[in-house]
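Novice: when you get a sec, could you give me coordinates for this:
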Amino acid sequence: MRPTTLAELDQARQRCQKLVSRRALVSAAAAVVPIPGVDVSTDVAILLQLIPAINEEFGLSPAQINALSPELQKIVIVGGANFGVGLLGKIITPQLVIQVLQRIGVKKLAGKYATKYIPIVGSVIASTISYAVLRKVGNQHINECYALAKRLIEADSTALTTL
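Specialist: Model prediction:
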């Protein structure tokens, strides 16, 4: 259900931030495994679940957007096009997640893969980078969803006051 007040919106953001932090810890744990590729596939799998959960929490899943009035759908389409992560209201695919990871954390990800080959210390560094990248992607998506959901709440309240 889409948040309809700023208090509900703030609660949704807090729930999502906790979810992102927990999933980032899982990502960090996977990055400790010294097998190349395990961490990347884990990050992709986590984001394939995390992004739709965040969208749902803010009322911005594809089904929820389709249920909006045409005026509110326009706000979502126009507003969502201007964001960096760009995963609002979309069907999330592994290719889309990989593109986002590459766009947001290219330098960090390159460093993460290079450090995997340094015993012990490399795993710790890779784990830290993995945690930071996943949190960055997740929190940026939360901020984008929050801003867009806030615009929807404001548009709803404006429509009610003009009646």
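Novice: the helices in the chain, which residues?
Specialist: 6-32, 38-57, 62-66, 70-80, 94-115, 121-161 (DSSP state H).
Novice: now those helices as JSON lines including mean neighbour count and mean pLDDT?
Specialist: In this view, the C-beta of every residue, glycine as well, is placed from N, C-alpha and C. Compiled in JSON lines, the helices of the chain are given as follows (neighbours: other C-beta atoms under 10 Å; pLDDT from 0 to 100):
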{"stretch": "helix 6-32", "mean neighbour count": "17", "mean pLDDT": "95"}
{"stretch": "helix 38-57", "mean neighbour count": "20", "mean pLDDT": "90"}
{"stretch": "helix 62-66", "mean neighbour count": "14", "mean pLDDT": "89"}
{"stretch": "helix 70-80", "mean neighbour count": "14", "mean pLDDT": "85"}
{"stretch": "helix 94-115", "mean neighbour count": "15", "mean pLDDT": "65"}
{"stretch": "helix 121-161", "mean neighbour count": "18", "mean pLDDT": "86"}
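Novice: ok, the closest residue to Gln17 other than its chain neighbours - contacts?
Specialist: Beyond its immediate neighbours in the sequence, the residue positioned closest to Gln17 (C-beta to C-beta, 6 or more residues apart in numbering) is Ile142, lying 6.3 Å away. Ile142 sits next to 13, 16-17, 20, 54 when contact means C-beta atoms under 8 Å, 6 or more residues apart in numbering.
Novice: which of these sits closest to Thr158?
Specialist: Comparing the contacts of Ile142 against Thr158 with C-beta to C-beta picks out Arg13 as the nearest, at 21.9 Å.
Novice: many thanks, we can stop here.
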